[in-house]
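> Predicted model, plus sequence, below.
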Amino acid sequence: MPVRNESAQVIRLMGLTEDITDRIDALQRAQESETRFRDLAETAAEFFWEVDGERFTQIELVSDDRGSVRTVSVSGKPVRDDTGTIVGWRGSGSDISNACTLANQLTCQATQDELTGLLNRREFSRRLDQLIWPIAGDPLDSHHVLCFLDLDQFKVVNDTCGHVAGDDLLRQVSGLLRSTSARPTCSPASVATSSASSCTALASTTPSGSSTLSSRHSPIGPSSGTIESSQSVPVSASCPSRRRAARSTACSPPPTAPANKHQGRNRCVVFNPTDAETVRHRGEVDAVSLVTKALDHDEFCLHARPIVRVGHAWRPSHVEILVRMNAPDDGAVLTPDEFLPAAERFGLAHRLDLWVVMHTLEALRRAPAITTCAINLSGVSLGRSTFLQEVSELLDASDIDPGRVCFEITETAAITNGGYADSFISSLRARGCRFALDDFGSGLASFAYLKNLDVDFLKIDGSFVQNILTEEVDGAPRW
């Protein structure tokens with residue numbers, strides 16, 4: 001403040017000073033903090049909200065003009081007065097409707113079949129586990145049935161009417177399955193697509209395990225006409241003690257399905273794991289891996305069986321090659337009837353025949369005394385258009401006289417693959433190879449076929465002569 005003299009003139013100033021540096025710094029930090037908060041708020045949230053009251057229950061959002069439901073994510077914290085009492089809530093939120101829609105779409109794609117809308121195999125297996133494991137402690141409490149529904153004549157629909165009609169048929173069948181499982185009189189069921197022409201259903205049943213399956217015809221009417229498709233239903237009943245079998249069975253249709261079709265369509269068959277057809281199928285499936293491994297690691301071996309003329313001296317110049325497989329576990333030697341059916345059924349016979357031809361040609365190079373070596377060929381190999389070229393290349397790569405090689409084919413294979421068989425025989429006979437018709441009389445051939453099959457040897461099936469010394473019927477008639 002000013003200090004004046006008697007004449008009222010200011011002669012000096014007098015006052016107090018205070019350091020406000022800290023206050024200015026604090027104000028600047030507050031402004032920077034507010035600016036930073038505003039920047040984060042504008043980029044982190046789509047809206048802010050604030051409500052009064054001690055309890056925060058919900059936020060009501062009005063849908064848009066189209067009436068669609070929106071999904072929001074909110075976060076908040078309580079607002080307190082000086083005494084610490086909650087007087088309101090405030091926070092931020094964002095619209096996550098698009099993210100939720102995308103998540104739902106991804107979930108559907110991961111768990112449902114795109115064409116039919118049914119569960120895919122992975123989701124079906126997960127629900128199967130959830131349904132079976134809880135009843136492990138009380139096997140008498142719940143019973144379940146695992147059903148495979150195979151659409152008969154589905155290939156005819158695709159070939160005759162096109163794949164668009166086949167897809168439409170699958171959608172119709174899936175709709176029927178969903179409507180059936182949704183009826184009040186039916187127990188909840190999970191339905192999944194397991195292949196292009198079959199579905200799998202899992203449903204709860206009564207303790208007795210009884211269920212009713214009615215025949216259902218589904219007409220479809222494309223431009224080329226109407227085809228009726230029905231369902232063949234193999235039923236697999238499962239219980240806690242068989243939950244592993246049920247889970248493995250859910251991955252593929254039961255092997256009884258093909259046999260069921262041969263016995264008649266529109267049939268309902270209860271799956272039996274000890275059934276002869278099931279046991280045979282499992283044995284073939286197990287043999288496939290053994291054959292594949294044996295082909296990759298040369299675990300097959302060749303045996304030569306001499307062919308001699310009765311009443312003549314022992315001169316094993318004519319032999320027949322027999323293939324055997326060394327079992328990887330115990331070293332036992334497996335005969336063809338233990339692995340050849342599986343190789344033919346699952347497309348490995350072609351590789352096996354080429355392996356036999358290649359190693360036989362190598363053995364003939366080390367055995368010049370063998371003048372004729374017979375090699376059995378599978379009918380499946382004769383049906384391959386490339387087999388002739390592959391065998392010819394093996395003959396070209398060896399220095400063996402083709403006249404020492406005799407290929408044996410069964411009469412059934414020669415008839416079934418007539419065109420390929422004729423070409424195979426004529427081409428290799430032109431190189432000098434010889435041919436034998438094996439198992440004559442046991443298949444479809446007659447003497448009329450011999451006029452058209454250019455073979456050098458005729459081998460009568462063993463069933464006609466194996467008891468020739470003891471059975472009068474097997475003996476040659478006496479006139």
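That came in fine, so what should we check first?
> From here on, just use CA atoms for contacts and neighbour counts.
OK.
> quick one: the helices in the stretch 251-400 of the chain?
With DSSP state H, counting those that start in this stretch as the criterion, the stretch 251-400 of the chain has helices at 256-262, 276-296, 336-345, 349-366, 379-382, 387-397.
> right, and the ones you listed - which one's nearest residue 420?
Distance to residue 420, taken as Cα to Cα, is lowest for helix 379-382 among these, at 6.3 Å.
> per-residue confidence averaged over that closest one?
Computed over helix 379-382, the mean pLDDT rounds to 86.
> likewise stretch 430-438?
Mean pLDDT, stretch 430-438: 91.
> number of nearby residues for residue 279?
14 (other Cα atoms under 10 Å).
> picking up where we left off before, out of the helices of the stretch 251-400 of the chain, nearest to residue 327?
Nearest of those to residue 327, taken as Cα to Cα: helix 276-296 at 8.0 Å.
> What helices and strands are in contact with that closest one?
If you count contacts as 3 or more Cα pairs under 8 Å, 6 or more residues apart in numbering; DSSP states H and E, helix 276-296 packs onto helix 256-262, helix 336-345, helix 349-366.
> which residues touch it?
With Cα atoms under 8 Å, 6 or more residues apart in numbering as the test, helix 276-296 has contacts from 254-256, 259, 272-273, 299-300, 325-327, 338-339, 341-343, 346, 348, 351-352, 355.
> for the biggest helix by length in the chain, what is the average pLDDT?
Secondary structure of the chain per DSSP state H: the longest helix is helix 21-44. On average, the pLDDT along helix 21-44 is 78.
> Run the chain-centre distance for whatever helix or strand comes next after it.
Reading on from helix 21-44 to the C-terminus, the next helix or strand found by DSSP states H and E is strand 47-52. Remark: strand 47-52 is offset 53 Å from the chain centroid, using Cα atoms, centre = their mean, to the nearest Å.
> Strand 47-52 - contacts with which helices or strands?
strand 86-95.
> Tell me the strands beside the strand it packs on, with direction?
Partners of strand 86-95 in the sheet, by DSSP bridges, are strand 47-52 (antiparallel), strand 72-80 (antiparallel).
> between those, which gets nearest to residue 400?
For those, the distance to residue 400 is smallest for strand 72-80, at 81.1 Å, taking Cα to Cα.
> For the closest one, buried residues please.
78, 79 (16 or more other Cα atoms under 10 Å).
> State the mean pLDDT of it.
Averaging pLDDT along strand 72-80 yields 81.
> So what touches that strand?
86, 87, 88, 89, 90, 91, 92, 93, 94, 95, 96, 97.
> Surely the second one and residue 50 touch.
Okay, so that is residue 87. No: the pair residue 87 / residue 50 is not scored as a contact, 10.8 Å apart, by Cα atoms under 8 Å.
> Tally up the residues packed near residue 354, please.
With other Cα under 10 Å as criterion, residue 354 counts 17.
> tell me the contacts of it?
Residue 354 is in contact with 390, 391, counting by Cα under 8 Å, 6+ apart.
> Which pLDDT value belongs to residue 257?
pLDDT, residue 257: 61.
> Please apply the same query to the one 4 residues further on.
Each residue has a pLDDT score; the one for residue 261 is 66.
> for the chain, where's the lowest mean pLDDT among helices and strands?
strand 227-229 (a mean of 44; mean pLDDT, DSSP states H and E).
> Residue 412: what secondary structure?
helix (DSSP: H, G, I helix; E, B strand; the rest coil).
> so what pLDDT did it get?
Residue 412 is given a pLDDT of 74.
> ditto for the one 5 residues further on
Reading off the per-residue confidence, residue 417 sits at a pLDDT of 73.
> How about it, nearest residue that isn't a chain neighbour?
Among residues not flanking residue 417 along the chain, residue 383 sits closest, at 5.6 Å (Cα to Cα, 6 or more residues apart in numbering).
> How many neighbouring residues does the one you found have?
20.
> Confirm for me that it is in contact with residue 420.
Yes: taking Cα under 8 Å as the definition, residue 383 is a contact partner of residue 420 at 6.1 Å.
> Low-confidence ranges, the protein, go.
Applying pLDDT under 70 to the chain flags the ranges 39-46, 53-67, 133-143, 180-265, 312-315, 418, 442-449, 472-479.
> how does it look with 50?
In the predicted model of the chain, residues 136, 184-188, 204-215, 218, 220-230, 232-243, 477-479 satisfy pLDDT under 50.
> from what I can see residue 92 touches residue 49, true?
Yes: using Cα under 8 Å, residue 92 is in contact with residue 49, at 5.9 Å.
> Okay, and the beta partners of the closest residue to residue 306 other than its chain neighbours?
Nearest non-adjacent residue to residue 306, counting by Cα to Cα, 6+ apart: residue 319, 4.2 Å away. On the basis of DSSP bridges, residue 319 is bridged to residue 306, residue 373.
> Please work out which residues outside stretch 89-108 touch it.
Contacts of stretch 89-108 (Cα under 8 Å, 6+ apart): 45-53, 56, 70-79.
> so how far is the first residue of it from its last?
37 Å (Cα to Cα, to the nearest Å).
> Helix or strand: which one has residue 84?
Judged by DSSP H and E, residue 84 forms part of no helix or strand.
> if I look at it, how far off is residue 49?
To residue 49, residue 84 is 21 Å away according to Cα to Cα.
> just residue 416 next, same as before
Relative to residue 49, residue 416 is positioned 80 Å away (Cα to Cα).
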